[in-house]
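> below is the structure, and that's it, no one-letter string:
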């Protein structure tokens, strides 16, 4: 197949990393990939580094950017395109214009976020009339999409995201004791970690509030890892300082390490005993399955994606959003019971192997792409 991977994002997070995964996996299966990315974006940088064929553009309009669509068509030099694979809803209208200019391709939209608003107006009816298939990451997201958009049942599917299990089953590239030493963590500590951009939407404050109860009130021998970079968004800018100040107010700053973005996140999962995703609502929870693949018990809020990833009392716990007391209680039960941590960690690996292997994800996408191409 000839697949156009289109995304105008400037960020580098879970969505962009997953696009990179799609590209690499499709190429390994001998499909022809062309990326369509924003000029000077992180995706352009990554595609260049991996020798992925790509077209870079500088969109001027958020929606219905005919000039950009025409520019992409021109730069394709009459190459055949079977599928335009879109990852952000804001890019759909420009992708549809490109589809009409190219005449033959089909559009598959991988829905990465829950639809929170009704999108049944004239503009969105036009959008969904011109999308050939919508793919949601969870069943809950699919139901949400059906409720809020004019998408038809026959037009929508669910395919769980997956990860490269080889990467997470491989031996760590760094000695655990060296990593502990680098971060001034004593070897007798139970380590609890979270991974995600530092942003109030990710609500790392919840973990600090729970940490204060466990360290100050229960006198437990713990260390917390908060991994990720602060974003430049309104909800992210200054958030790291807020988290540091909160830990200082509780007097637990020496028990918390702030670690920036790292590509070798699997090494940090190796030193964690428990993983927590404190976000109020997560569309999927990519880092959850990474932690699970590393054999960790996991805790997250009972909203969105985590509800379909965590099996309550089997590989972890689901808590109410913003409830740091409940979080501290669930953490306490795991901290006090090493056998339970090991058992839940083993179940995490089993669930990941069964449901979240990237090979299964890509095979499902290829079947779907073929079905869409062959449909009338």
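Nice, thanks for sending it over. In this text, all values refer to a predicted model and were calculated from it rather than measured experimentally.
> okay, now the nearest residue to residue 169 once chain neighbours are set aside: neighbour count?
For residue 169, the nearest residue in space outside its immediate sequence neighbours is residue 293; the separation is 7.2 Å by CB to CB, 6 or more residues apart in numbering. (Glycine included, C-beta is placed from N, CA and C.) Taking other CB atoms under 10 Å as the neighbour definition, residue 293 ends up with a count of 24.
> who are the packing partners of the one helix or strand in the chain whose mean pLDDT sits lowest?
Across the helices and strands of the chain, the lowest-confidence element by mean pLDDT, DSSP states H and E is helix 165-169, at a mean of 85. Counting contacts by 3 or more CB pairs under 8 Å, 6 or more residues apart in numbering; DSSP states H and E, helix 165-169 packs against helix 265-271, helix 286-293.
> including distance to residue 373 and mean pLDDT, could those helices go into CSV?
Formatted as CSV, the helices and strands packed on helix 165-169 follow (distance: least, CB to CB, whole Å; pLDDT from 0 to 100):
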stretch, distance to residue 373, mean pLDDT
helix 265-271, 36, 92
helix 286-293, 28, 94
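> tell me which of those sits nearest to residue 20.
helix 286-293 (12.4 Å; CB to CB).
> distance from the chain centre to that closest one, please.
10 Å (CA atoms, centre = their mean, to the nearest Å).
> what's stretch 221-228 in contact with?
Applying CB atoms under 8 Å, 6 or more residues apart in numbering, the contact partners of stretch 221-228 are 183, 185-186, 188-198, 202, 204, 207-208, 211, 214-215, 243, 255-262, 265, 268, 271-272, 335.
> ditto for stretch 66-80
Contacts for stretch 66-80 (CB under 8 Å, 6+ apart): 2, 34, 36, 55, 57-61, 94-95, 97-98, 101-102, 104.
> buried ones from those residues, can you make that a PyMOL selection?
Burial among the contacts of stretch 66-80 is assessed by 16 or more other CB atoms under 10 Å; the matching PyMOL selection reads:
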select buried, resi 2+34+36+55+57+59+94+95+97+98+102
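> for the contacts of stretch 66-80, which one is nearest residue 372?
residue 104 (12.3 Å).
> what's the spacing between stretch 219-237 and its chain's center?
Using CA atoms, centre = their mean, the offset of stretch 219-237 from its chain centre is 17 Å.
> how long is that stretch end to end?
33 Å (CA to CA, to the nearest Å).
> with stretch 199-206 instead?
12 Å.
> rounded mean pLDDT for it, please.
Averaging pLDDT along stretch 199-206 gives 95.
> how about it: buried residues?
199, 200, 202, 203, 204, 205, 206.
> report the two of those residues separated the most.
199 and 206, at 12.9 Å, using CB to CB across these.
> in three-state terms, label residue 194 for me.
What DSSP: H, G, I helix; E, B strand; the rest coil gives for residue 194 is strand.
> is it true that it touches residue 275?
Yes. Taking CB atoms under 8 Å as the definition, residue 194 is a contact partner of residue 275 at 7.0 Å.
> contacting residues around the closest residue in space to residue 251 that isn't next to it in sequence?
Nearest residue to residue 251, sequence neighbours excluded (CB to CB, 6+ apart): residue 216, at 7.0 Å. Contacts for residue 216 were tallied using CB under 8 Å, 6+ apart; they are 250, 251, 252.
> where does the closest residue to residue 105 other than its chain neighbours sit: helix, strand or coil?
Leaving aside its sequence neighbours, residue 105 sits nearest to residue 81 (CB to CB, 6+ apart; 4.3 Å). Following three-state DSSP, we place residue 81 in the coil state.
> pull the number of nearby residues for residue 81.
Neighbours of residue 81 (other CB under 10 Å): 21.
> and it, backbone torsions?
phi -120, psi 130 (degrees, to the nearest 10).
> what's the answer for residue 325, then?
phi -70, psi -50.
> and for it, nearest residue in space, chain neighbours not counted?
residue 213 (7.2 Å).
> what do you get for residue 202?
Using CB to CB, 6+ apart, the nearest residue to residue 202 is residue 196, at 4.4 Å.
> what of residue 130?
Nearest one to residue 130, counting by CB to CB, 6+ apart, is residue 96 at 4.5 Å.
> OK, contacts around the one you found?
107, 127, 130, 131 are the contacts of residue 96 under CB under 8 Å, 6+ apart.
> filter those residues to the buried ones?
By neighbour count, with 16+ other CB under 10 Å, these hold 107, 127, 131 as buried.
> so the first one, which of the three states?
Of the three states, residue 107 takes strand under three-state DSSP.
> pretty sure residue 364 is in contact with residue 162, am I right?
No. When contacts are counted by CB under 8 Å, residue 364 is not listed as touching residue 162 (9.1 Å).
> more neighbours: those two, which one.
Each of residue 364 and residue 162 has its neighbours counted (other CB under 10 Å); residue 162 has more, 23 against 16.
> any idea how far residue 234 is from that one?
Distance of residue 162 to residue 234, computed by CB to CB, to the nearest Å: 32 Å.
> and the pLDDT at the residue nearest to residue 202?
On the pLDDT scale, residue 196 gets 92.
> so what's the nearest residue to residue 296 once chain neighbours are set aside up against?
Once flanking residues are discounted, residue 296 sits nearest to residue 275: 4.6 Å by CB to CB, 6+ apart. Shown in contact with residue 275 (CB under 8 Å, 6+ apart): 192-195, 269, 287-288, 291-292, 296-299.
> can you list the domains in this protein?
2-162+357-374, 165-355 (automatic domain parsing).
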